[in-house]
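J.: Need coordinates for the below:
(one chain, ligands or ions: 1)
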Amino acid sequence: MCDEDWDNELATESQPPFAHNIGKMDNLNKEPNNNNGEILGRGEDVNEESNRRDHPSIGGFGARRSFGTMKDTGETINKRNQPSTHMFGAGRTFGRREENNEDSQQRNSGFSRRGGFGEGNVENDERGGRGGRGVCGGFGQRRNAENGDGVQTFGNSFSSRRGFGHQTGGDENSRGSGRGGRGRGFGGRGGYRGGDDDFGSESERARLKLDEDKEGAEHTGPKVTYVPPPPPDTEDAIFAHYQTGINFDKYDDILVDVSGSDPPPAILTFEEAALCDTLNRNIAKAGYSKLTPVQKYSIPIILAGRDLMACAQTGSGKTAAFLLPILAHMMREGVAASQLKSLQEPEAIIVAPTRELINQIYLEARKFAYGTCVRPVVVYGGTQTGHSIRQILYGCNILCATPGRLIDVISRQKIGLSKLKCLVLDEADRMLDMGFNPQMLKLIEFPDMPSKEKRQTLMFSATYPIEVQKFAAHFLKEDYLFVVVGQVGGACSDVHQTVLQVDRYDKKNKLVEILQCIGNERSLVFVDTKKKADYIATILCQEHISTTSIHGDREQREREEALGDFRSGKCHVLVATNVAARGLDIENVQHVINHDLPREIEEYVHRIGRTGRCGNTGKAISFFDSNFDTPVARSLVKVLSDANQEVPAWLEEIAFSSHGINNYRSGDVFASTDARKGHSGNRNYNTEQYSHASVDEETWG
Ligand SMILES: Nc1ncnc2c1ncn2[C@@H]1O[C@H](COP(=O)(O)OP(=O)(O)OP(=O)(O)O)[C@@H](O)[C@H]1O
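T.: Next up, the predicted model:
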């Protein structure tokens, strides 16, 4: 399985020979930061004001000049005001755009007014996909940079893998097909010029810029230019949260197993963790009053400096279980406050498999670090490398990254590992499966990466196939602790699961029927391929169900807009591939529908875990086509029955027929506990033997 982050990050982010243009733009992009770089000792309670300064990404991306402003015209489709729904009709991409209304100006404040949409009428543009549908993400024809006039000139179309007529989002550069003048390369989107007078000498800035130029010139290939908008930085936005559900207290009834030698005792309350005042305040503002089981056990283990592999059901608070003790350590030991340096040396690195997930983790880190001098930074694929580098160079105590971008910034010597104390693998089984293990191995083999004996390594997931557990030994100290809340790989018991036998040709109608019946409740529909995601989204839009889609062939801007529209309720249906299966914490997702079942039962567990989170209830409906899904039948029966769900007789029959049994991947899903206890035998494990891999069509990142 190839990793999309890698595809995009390492193949498409390198810069073309005309990188001097990029340098010019980058020169506009310096961030303000008033921090003078002093060390603030024991990291306690720096006031809010300075915290904001230390977080340029919190609303702080420069002094907000706009370049290449787009004019408003009657023909404009203002994407900012449009949910990323799938549009129909002529398949025309609309060009010029001006965001005159307050809302859109607000959203763009301090950020690019995005030029460069051009006026490409895709009907006349060879780069369009198959004729006439004008469908969102339509049918996946790639735009080809070579065909675009204006594109080569400015070097900025870059394999936008989009069908035509897609009305969602839009890469300012790749979309602006014909009229280079408006999108005018990088200037067209400009607008990050920071008021950088406050810190960093002219020569230091010049040196950093030269660094970027040089690095750019050393890489060839198309370049990703998307710069994600900074997240809202009001206290309300930072601490926005949803309510725990009626079953939150029932978490306490779940059995917890801790294996490994000499584990510290669990804590029962936040007070017992003896966190500093700022952290306690942030925890309260986040609406946390009670620990979840994974937090009760993991926090003291991490505070004691032990390595940990933790397994707990989806939506049960694993993110805070590692973030809080990491921050507590930093506050106790003191961290270096943000300082402009071309090489930053974070104390903690968190990796996660998808861009949206790592961004979410970053927002959680930002929330808990609020009011401290700890500066979390996020970098991920599909965004401009220069932007990632700038985020880093203004200070980085906790780096949240997707694997590809992480390796990239380390290789570019923007991130040094010598001060690294803690490495976290979220969705650890995914991070260690065949798709990512080369990158993870590369990460731990960087010369300045502290050995596993010298760093703390933490792994979190809801699923841990036994093979993955064994592979994890490469990363963990021998005496690591393994915490299992409930059963390894178990589905969240707050999700009501239904499996329907549906032939592939009937799936479409059944889906429409169900969604029409559901009405406006927020629903996540999983399909097995990227093209199908767009196809199904189109069908649903035709049925007047407001739908958007997320998958690996969409540009990052589109992915983020789709997610934003789903979160905000502009679209109440999101059609997704496995790229949205893990980790995403979206309020009030009431239904998950598996239009296509995944090949691996772990992905099923993660997918349905997008609903029923944090003690809330949810529903999952899965279409089972016996021509395709028989291999997963037995695992499915096991997951259903372990979660006390009804198992249809027909499914049981299929599962225990010879076909079902033959395809059952025994032993790797339902480890009831620690692989060190001898489950599936005690075979020695090495990388060559390792074969657990995702086989879904979607690539990651
Ligand atoms: N102690 C707590 N009290 C209240 N809410 C909490 C608590 N811990 C976590 N939450 C909230 O519960 C939700 C789910 O948490 P989180 O995303 O960390 O779950 P997870 O276990 O990592 O899920 P997944 O396996 O899907 O990644 C989040 O909105 C989070 O803010």
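
J.: Quick check: residues of the stretch 451-600 of the chain near the ligand?
T.: Within the stretch 451-600 of the chain, the positions near the ligand by C-beta under 6 Å from any ligand atom are Ala462, Gly583, Asp585. Where you see a C-beta, it was placed from the backbone N, CA and C, and this is true even at glycine.

J.: check contacts around the closest residue to Gln456 other than its chain neighbours.
T.: Among residues not flanking Gln456 along the chain, Cys422 sits closest, at 4.6 Å (C-beta to C-beta, 6 or more residues apart in numbering). Cys422 is in contact with Ile326, His329, Glu347, Ala348, Ile349, Arg455, Gln456, Thr457, Leu458, counting by C-beta atoms under 8 Å, 6 or more residues apart in numbering.

J.: re the thing from before, adding secondary structure, pLDDT and neighbour count, write the residues of the stretch 451-600 of the chain next to the ligand out as CSV.
T.: Below are those laid out as CSV (DSSP: H, G, I helix; E, B strand; the rest coil; pLDDT from 0 to 100; neighbours: other C-beta atoms under 10 Å):
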residue, secondary structure, pLDDT, neighbour count
Ala462, coil, 97, 28
Gly583, coil, 97, 26
Asp585, coil, 98, 21
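
J.: Enumerate the beta-bridge partners assigned to the residue nearest to Gln456.
T.: For Cys422, the beta-bridge partners are Ala348, Gln456 (DSSP bridges).

J.: related to what we said a few turns ago, could you single out the nearest of the contacts of Cys422 to Ala473?
T.: Distance to Ala473 across the contacts of Cys422 (C-beta to C-beta) is lowest for Thr457, with 10.7 Å.

J.: Show me which residues of the protein are close to the ligand?
T.: Residues of the chain found near the ligand (C-beta under 6 Å from any ligand atom) are 241, 244, 287-288, 290-292, 295, 312, 314-320, 462, 583, 585, 609, 613-614.

J.: Select only the buried ones of those in ChimeraX?
T.: Applying 16 or more other C-beta atoms under 10 Å to these, the buried members can be selected in ChimeraX as follows:
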select :244,288,291,292,295,312,314,315,316,317,318,319,320,462,583,585,609,613,614
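
J.: Let's see which of the residues of the chain next to the ligand end up in helices.
T.: If you go by DSSP state H, those have Gln295, Lys318, Thr319, Ala320 in helices.

J.: now the strands for the stretch 351-500 of the chain?
T.: Using DSSP state E, counting those that start in this stretch, the strands found in the stretch 351-500 of the chain span residues 376-379, 398-401, 422-426, 456-461, 481-485, 495-501.

J.: Likewise for the stretch 201-350 of the chain?
T.: Counting by DSSP E, counting those that start in this stretch, one finds strands in the stretch 201-350 of the chain at the ranges 256-259, 308-311, 348-351.

J.: Mind splitting the chain into its structural domains?
T.: Domains of the chain are assigned by the TED database as 235-485, 495-657.

J.: can you give me the end-to-end distance of the first one?
T.: For domain 235-485, the first and last residues are 33 Å from each other (C-alpha to C-alpha, to the nearest Å).

J.: same question, the last one
T.: Between the start and the finish of domain 495-657 there is a gap of 27 Å, counting by C-alpha to C-alpha.

J.: ok, now stretch 270-286?
T.: Terminal residues of stretch 270-286 are spaced 13 Å apart (C-alpha to C-alpha).

J.: Quick check: buried residues in that stretch?
T.: Neighbour-count burial for stretch 270-286 [16+ other C-beta under 10 Å]: Phe270, Ala273, Leu275, Cys276, Thr278, Leu279, Asn280, Asn282, Ile283, Lys285, Ala286.

J.: The ligand versus the second one, what's the distance?
T.: The span separating Ala273 from the ligand equals 12 Å under the rule C-beta to the nearest ligand atom, to the nearest Å.

J.: OK, contacts around the closest residue to the ligand within the stretch 101-250 of the chain?
T.: Per C-beta to the nearest ligand atom, Thr244 is where the stretch 101-250 of the chain lies closest to the ligand, at 4.8 Å. Counting by C-beta under 8 Å, 6+ apart, Thr244 touches Gly287, Cys614, Gly615, Asn616.

J.: Sort out which residues of whichever helix or strand Ala537 is part of are buried, please.
T.: Per DSSP states H and E, Ala537 falls inside helix 530-542. Neighbour-count burial for helix 530-542 flags Lys530, Lys531, Lys532, Ala533, Asp534, Tyr535, Ile536, Ala537, Thr538, Ile539, Leu540, Cys541 (criterion: 16+ other C-beta under 10 Å).

J.: want to try TSV for the contacts of Thr244, with pLDDT as columns?
T.: Formatted as TSV, the contacts of Thr244 follow (pLDDT from 0 to 100):
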residue	pLDDT
Gly287	97
Cys614	96
Gly615	96
Asn616	97
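
J.: need these in TSV with distance to Pro231, can you?
T.: As requested, those are exported to TSV (distance: C-beta to C-beta, whole Å):
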residue	distance to Pro231
Gly287	18
Cys614	21
Gly615	26
Asn616	24
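
J.: Considering those residues, which is situated nearest to the ligand?
T.: Proximity of the contacts of Thr244 to the ligand, judged by C-beta to the nearest ligand atom, is greatest for Cys614, which lies at 3.5 Å.

J.: Mind putting the domains of the chain into JSON lines with distance to Val227?
T.: Below are the domains of the chain laid out as JSON lines (distance: least, C-beta to C-beta, whole Å):
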{"stretch": "domain 235-485", "distance to Val227": "5"}
{"stretch": "domain 495-657", "distance to Val227": "9"}
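
J.: Can you check which of those gets nearest to Asp674?
T.: Checking these against Asp674 by C-beta to C-beta gives domain 235-485 as the closest, at 4.1 Å.

J.: Now do Val639 against Cys492, distance only.
T.: As judged by C-beta to C-beta, to the nearest Å, Val639 and Cys492 stand 10 Å apart.

J.: More neighbours: the two, which one.
T.: Of the pair Val639 and Cys492, Cys492 is the one with more neighbours under other C-beta atoms under 10 Å, namely 28 against 24.

J.: circling back to that earlier point, let me know the closest of the buried residues of helix 530-542 to the ligand.
T.: Relative to the ligand, the closest of the buried residues of helix 530-542 is Ala533; by C-beta to the nearest ligand atom it sits at 20.3 Å.

J.: Show me what counts as buried in stretch 619-639.
T.: By neighbour count with 16+ other C-beta under 10 Å, stretch 619-639 contains the buried residues 619-626, 629-639.
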